[in-house]
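Novice: Would you be able to build a 3D model of this:
(chains A and B)
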Amino acid sequence: KQEVTQIPAALSVPEGENLVLNCSFTDSAIYNLQWFRQDPGKGLTSLLLIQSSQREQTSGRLNASLDKSSGRSTLYIAASQPGDSATYLCAVGWKNSGGSNYKLTFGKGTLLTVNP
Amino acid sequence: EAGVTQFPSHSVIEKGQTVTLRCDPISGHDNLYWYRRVMGKEIKFLLHFVKESKQDESGMPNNRFLAERTGGTYSTLKVQPAELEDSGVYFCASSQDRRFRMADEQYFGPGTRLTVT
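Specialist: Residues are numbered from 1 along each chain as shown, chains lettered A, B, ... in the order given. Sure, this is the predicted structure:
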């Protein structure tokens, strides 16, 4: 059974700081890994999706890496801004051998606060 | 392009009552998923539709939960009768047909917060 752990549970940093959020998973047989952002009372916004064959993906100030063999992913946020304050969720994608079934297993998230 | 929408945004019902949640996926998305987040826990998978067919319902907690997707468009999730432990936020997500690149990227709705008293 896949389990996803995110560390730390909460993080508070001053504006401008670079930071790293960590995600670990117990079963390395993943199909992909997706990072989401959730603002209070809102849905999940997809930030980056890394396929299992990839090592990293970048979008603007965000960089996500994947080390499947060690069961780890990191989300790097450069030059953090107060608008980055949100809960960041890591989700591991699993697909069956036939490719017809697909689902995400989530971590509990990291609550990020960027102080002006 | 409109995103995934869910209705209602919040529902408060008494134990034993029935509640129906609705999800409208992004137009043209064949895949529709339901997830749930119970307080203090992580978001968990409930089921997956491909068009109007249930592809995987391994996450449904018990037979008090019934999901439908008539015509392969919107979906409903009915809880009957509701119990206290059903309280949580129910999310719906959709994704494109797997023939498309990045077909597995899921787009989530804002969720329905269900409170059972």
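Novice: what does chain B have sitting close to chain A?
Specialist: Residues of chain B lying close to chain A by Cβ under 8 Å from any Cβ of the partner chain are B:3-4, B:31, B:33, B:35, B:41-45, B:48, B:50, B:55-56, B:59, B:91, B:93, B:98, B:102, B:104-111. (Glycine included, C-beta is placed from N, CA and C.)
Novice: Tell me which of the residues you listed fall in strands.
Specialist: B:31, B:33, B:35, B:43-45, B:48, B:50, B:55-56, B:91, B:93, B:107-108 (DSSP state E).
Novice: What is the lengthiest strand in chain A packed up against?
Specialist: Longest strand of chain A, by residue count under DSSP E: strand A:86-95. Applying 3 or more Cβ pairs under 8 Å, 6 or more residues apart in numbering or on different chains; DSSP states H and E, one finds that strand A:86-95 contacts strand A:4-7, strand A:19-25, strand A:32-38, strand A:72-77, strand A:102-106, strand A:110-115.
Novice: buried ones in the fourth one?
Specialist: Buried residues in strand A:72-77, defined by neighbour count with 16 or more other Cβ atoms under 10 Å in any protein chain shown: A:73-75, A:77.
Novice: One more: the first one?
Specialist: The neighbour-count criterion (16+ other Cβ under 10 Å) identifies A:4, A:6 as the buried residues of strand A:4-7.
Novice: In contact with the nearest residue to residue A:32 once chain neighbours are set aside, which residues are there?
Specialist: In this structure, residue A:32 finds its nearest non-sequential neighbour in residue A:93, 4.2 Å apart by Cβ to Cβ, 6 or more residues apart in numbering or on different chains. Counting by Cβ atoms under 8 Å, 6 or more residues apart in numbering or on different chains, residue A:93 makes contact with A:30-34, A:102-104, B:104.
Novice: Hmm, residue A:57 is touching residue A:47, no?
Specialist: No - assessed by Cβ atoms under 8 Å, residue A:57 is found out of contact with residue A:47, at 9.1 Å.
Novice: where do the helices sit along chain B?
Specialist: With DSSP state H, there are no helices along chain B.
Novice: Any idea which residue is closest to the centre of it?
Specialist: When Cα atoms, centre = their mean is applied to chain B, the residue found nearest the centroid is residue B:34 (3.0 Å).
Novice: just for chain B, where's the confidence low?
Specialist: B:1, B:97-103 (pLDDT under 70).
Novice: any idea how far residue B:14 lies from chain A?
Specialist: 24 Å (Cβ to the nearest Cβ, to the nearest Å).
Novice: residues contacting the closest residue to that residue other than its chain neighbours?
Specialist: With sequence-adjacent residues excluded and distances taken as Cβ to Cβ, 6+ apart, residue B:14 is closest to residue B:117, at 5.6 Å. Contacts for residue B:117 (Cβ under 8 Å, 6+ apart) come out as B:12-15, B:84.
Novice: Among those, which one is most surrounded by other residues?
Specialist: residue B:13 (17 neighbours; other Cβ atoms under 10 Å in any protein chain shown).
Novice: in terms of contact, does it touch residue B:82 like I think?
Specialist: Yes - if you go by Cβ under 8 Å, residue B:13 and residue B:82 touch, sitting 5.6 Å apart.
Novice: Determine the residues that are contacts of both of the two.
Specialist: B:19, B:114, B:116.
Novice: For residue A:11, report the pLDDT, please.
Specialist: We have a pLDDT of 95 for residue A:11.
Novice: Doesn't it lie inside a strand?
Specialist: Yes - looking at residue A:11 with DSSP: H, G, I helix; E, B strand; the rest coil, it is inside a strand.
Novice: can you count the residues close to the nearest residue to it once chain neighbours are set aside?
Specialist: Leaving aside its chain neighbours, residue A:11 sits nearest to residue A:112 (5.2 Å; criterion: Cβ to Cβ, 6+ apart). By other Cβ under 10 Å, the residues close to residue A:112 number 21.
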